[in-house]
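A.B. asks: sequence isn't available, so here's the structure alone:
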């Protein structure tokens with residue numbers, strides 16, 4: 001098979017390109033810009049395009065399939081040439097389905113927790129040396145790639161609700177046709193695509209309808225929006241419903257113990273949202289014939305997915321974390337988790353507003369009171385971000401009013417936030433840095449060491 005990727009540099013795209021290369025496919029690709037780590041990883045597998053840019057001469061009738069990334073535009077010259085030659089064109093979720101339609105497909109959906117639940121399942125399957133394929137949205141310890149496509153009988157897929165491609169406006173998770181589906185929760189996001197909460201919720205109703213006959217729906221009953229949606233949905237009678245909640249646990253000296261009928265298990269992760277994620281992963285693993293006691297035995301060594309409450313550094317009286325949290329529900333849950341884990345320490349919580357939704361004045365109001373759990377609250381917006389996203393900037397006053405916290409600190413330049421954080425003595429204080437961006441290029445690992453060495 002000869003496959004060409006249009007926009008090969010994306011996180012999912014370049015990982016799928018590597019996976020197909022490892023399967024023996026003849027893989028080529030193009031992109032107008034390729035950043036690290038995609039560039040180095042593609043080069044290591046000798047599938048990095050010789051030059052950046054779009055070239056219709058790359059597209060010939062010898063190509064069996066085109067895989068189109070979301071980064072490409074609908075008037076992309078390579079896409080136009082492929083359409084003229086009538087070469088089959090797939091979004092990457094469509095192609096994942098094509099490669100897995102004879103497997104058992106487990107699809108993890110939800111507004112939050114998808115990556116963590118998927119990572120937990122992968123960790124347990126890998127622990128017991130099971131043969132499986134996967135698609136996950138973060139780098140995980142013990143896995144070289146974020147995608148695997150082989151002859152394995154099972155695939156575990158992180159199912160994003162964002163659009164599949166520039167010419168396919170369906171959410172990705174609708175295309176996988178799950179045999180076993182998970183929904184972790186519903187909280188409005190991607191307002192540039194789903195301008196109302198009702199439209200956003202509808203995508204989860206449609207996702208439920210894609211579950212295959214004799215399948216399973218595993219869902220979080222602690223999420224009131226999701227529970228109401230499931231209760232009201234006319235779910236096919238041959239779909240088994242498996243609700244889950246928070247398992248029993250105890251916290252002692254900053255460590256979480258999972259309390260089960262098989263005894264207690266000390267975990268490397270913490271927070272009620274992570275414990276609910278753990279319960280979802282356990283139910284999936286049971287569906288894949290791994291018993292609960294075996295699941296607990298494996299999950300205690302799980303350290304988390306990259307950028308999900310990832311520990312940057314620590315001293316005897318301070319711990320620094322970074323987290324991918326950016327939506328209102330994720331922000332509040334992450335702050336509450338750190339405060340519950342370390343109740344005797346103060347918490348400095350900082351979020352970078354970086355996504356299209358978070359930089360929308362109307363959606364900004366959704367953040368009201370979400371940082372009340374932190375002792376010190378900081379909002380950062382890189383002054384370059386509005387320009388890059390071609391959005392109208394809003395003032396510090398707007399931010400403070402939206403979050404409804406008068407003592408909130410606002411910064412728009414990375415050096416200013418660094419200077420402010422250096423005024424603290426990190427004695428009995430934790431620091432939580434949250435963003436889907438990169439805080440204006442701050443090297444958080446180096447900055448952590450600087451603060452802890454004071």
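C.D. replies: Ah, there it is. Note that the coordinates shown come from a computational prediction; the quantities given were computed from them, not determined experimentally.

A.B. asks: show me the contacts for residue 33.
C.D. replies: By CB atoms under 8 Å, 6 or more residues apart in numbering, residue 33 lies in contact with 9, 52. The way it works is simple: take the backbone N, C-alpha and C, and place the C-beta from them, glycine included.

A.B. asks: helix, strand, or coil at it?
C.D. replies: coil (DSSP: H, G, I helix; E, B strand; the rest coil).

A.B. asks: can you check residue 3 too?
C.D. replies: Reduced to three states by three-state DSSP, residue 3 is strand.

A.B. asks: go on, residue 259?
C.D. replies: Put simply, residue 259 is strand when judged by three-state DSSP.

A.B. asks: what's the closest non-adjacent residue to it?
C.D. replies: Nearest in space to residue 259, with sequence neighbours left out and distances taken as CB to CB, 6 or more residues apart in numbering, is residue 248 at 4.0 Å.

A.B. asks: ok, the residue most central in space within the chain to residue 446 distance?
C.D. replies: In the chain, the residue lying closest to the centroid (CA atoms, centre = their mean) is residue 115, at 4.6 Å. Distance of residue 115 to residue 446, computed by CB to CB, to the nearest Å: 25 Å.

A.B. asks: and if you look at residue 299?
C.D. replies: In terms of CB to CB, residue 299 sits 32 Å off from residue 446.

A.B. asks: what's the burial count for the closest residue to residue 153 other than its chain neighbours?
C.D. replies: Spatial nearest neighbour of residue 153, excluding adjacent residues (CB to CB, 6+ apart): residue 103 at 5.8 Å. Using other CB atoms under 10 Å, residue 103 has 18 other residues around it.

A.B. asks: ok, residue 299 and residue 446, which is more surrounded?
C.D. replies: With neighbours defined as other CB under 10 Å, residue 299 and residue 446 compare such that residue 299 has more, 22 against 10.

A.B. asks: who touches that one in this structure?
C.D. replies: When contacts are counted by CB under 8 Å, 6+ apart, residue 299 touches 120, 123-124, 265, 267, 278, 281-282.

A.B. asks: and it, what pLDDT?
C.D. replies: For residue 299, the pLDDT comes out at 97.

A.B. asks: residue 258 contacts residue 264, correct?
C.D. replies: Yes: in this structure, residue 258 is within contact of residue 264 by CB atoms under 8 Å, at 6.5 Å.

A.B. asks: any chance you could map the helices in the stretch 151-300 of the chain?
C.D. replies: Ranges of helices within the stretch 151-300 of the chain are 197-209, 224-232, 272-287, 292-299, based on DSSP state H, counting those that start in this stretch.

A.B. asks: take the ones you listed and write them to a markdown table, including distance to residue 409.
C.D. replies: Converted to a markdown table, these look like this (distance: least, CB to CB, whole Å):
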| stretch | distance to residue 409 |
| --- | --- |
| helix 197-209 | 30 |
| helix 224-232 | 31 |
| helix 272-287 | 25 |
| helix 292-299 | 38 |
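
A.B. asks: how about these, which one is nearest residue 239?
C.D. replies: helix 197-209 (7.9 Å; CB to CB).

A.B. asks: what about residue 60, neighbour count?
C.D. replies: Residue 60 has 13 neighbouring residues, counting by other CB under 10 Å.

A.B. asks: quick one: secondary structure of it?
C.D. replies: Of the three states, residue 60 takes coil under three-state DSSP.

A.B. asks: quick check: the residue nearest to residue 259 vs residue 298, distance?
C.D. replies: Separation of residue 248 from residue 298 (CB to CB) stands at 19 Å.

A.B. asks: between the two ends of stretch 100-120, what distance do you get?
C.D. replies: End-to-end distance for stretch 100-120: 21 Å, by CA to CA, to the nearest Å.

A.B. asks: so what's the backbone phi/psi at residue 348?
C.D. replies: Residue 348 has phi and psi values of phi -100, psi 120 when expressed as degrees, to the nearest 10.

A.B. asks: let me fix that, I meant to ask about residue 188.
C.D. replies: phi -50, psi 130.

A.B. asks: mind listing what the residue of the chain most remote from its centre touches?
C.D. replies: Going by CA atoms, centre = their mean, the residue of the chain most distant from its centre is residue 61, 36.2 Å out. Residue 61 makes contacts with 85, 87, as judged by CB under 8 Å, 6+ apart.

A.B. asks: isn't residue 186 up against residue 201?
C.D. replies: Yes: counting by CB under 8 Å, residue 186 touches residue 201, with 6.1 Å between them.

A.B. asks: what helix or strand does residue 430 sit in?
C.D. replies: Taking DSSP states H and E as the criterion, residue 430 maps to strand 429-434.

A.B. asks: next, the angle from the helix or strand following that strand to strand 429-434.
C.D. replies: Later in the chain than strand 429-434, the nearest helix or strand by DSSP H and E is helix 444-452. Interaxial angle, helix 444-452 versus strand 429-434 (axes from the mean of the first three to the mean of the last three CA atoms, to 10 degrees): 160 degrees.

A.B. asks: give me the buried stretch members for helix 444-452, please.
C.D. replies: 444, 447-448, 451-452 (16 or more other CB atoms under 10 Å).

A.B. asks: what do you get for stretch 238-258?
C.D. replies: Neighbour-count burial for stretch 238-258 flags 239, 242, 244, 249, 256-258 (criterion: 16+ other CB under 10 Å).

A.B. asks: narrow those residues to those in strands?
C.D. replies: If you go by DSSP state E, these have 242, 244, 249, 256-258 in strands.

A.B. asks: with distance to residue 377 added, can I get these in TSV?
C.D. replies: TSV is the format used below for those (distance: CB to CB, whole Å):
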residue	distance to residue 377
242	37
244	31
249	27
256	25
257	30
258	31
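
A.B. asks: need the max-distance pair from the residues you listed.
C.D. replies: Farthest pair in those (CB to CB) is 242 and 257. Separation: 24.7 Å.

A.B. asks: so who does the residue nearest to the centre of the chain touch?
C.D. replies: Residue 115 makes contact with 136-138, 158, 305, 308, 324 under the criterion CB under 8 Å, 6+ apart.

A.B. asks: so what's it scoring on pLDDT?
C.D. replies: You'll see residue 115 listed with a pLDDT of 92.

A.B. asks: now do residue 381 against residue 342, distance only.
C.D. replies: To residue 342, residue 381 is 28 Å away according to CB to CB.

A.B. asks: comparing those two, which shows the higher neighbour count?
C.D. replies: residue 381 (23 against 20).

A.B. asks: next, the closest residue to that one other than its chain neighbours: phi, psi?
C.D. replies: Once flanking residues are discounted, residue 381 sits nearest to residue 353: 5.0 Å by CB to CB, 6+ apart. In terms of degrees, to the nearest 10, the main-chain angles of residue 353 are phi -80, psi 120.

A.B. asks: count the neighbours of residue 353 for me.
C.D. replies: Residue 353: 23 surrounding residues under other CB under 10 Å.

A.B. asks: so what's it up against?
C.D. replies: Going by CB under 8 Å, 6+ apart, residue 353 touches 326, 359, 364, 379-381, 385, 399.

A.B. asks: the same query, at a cut-off of 7 Å, please.
C.D. replies: Neighbour list for residue 353: 359, 379, 381 [criterion: CB atoms under 7 Å, 6 or more residues apart in numbering].

A.B. asks: that's all I had, so thanks and see you.
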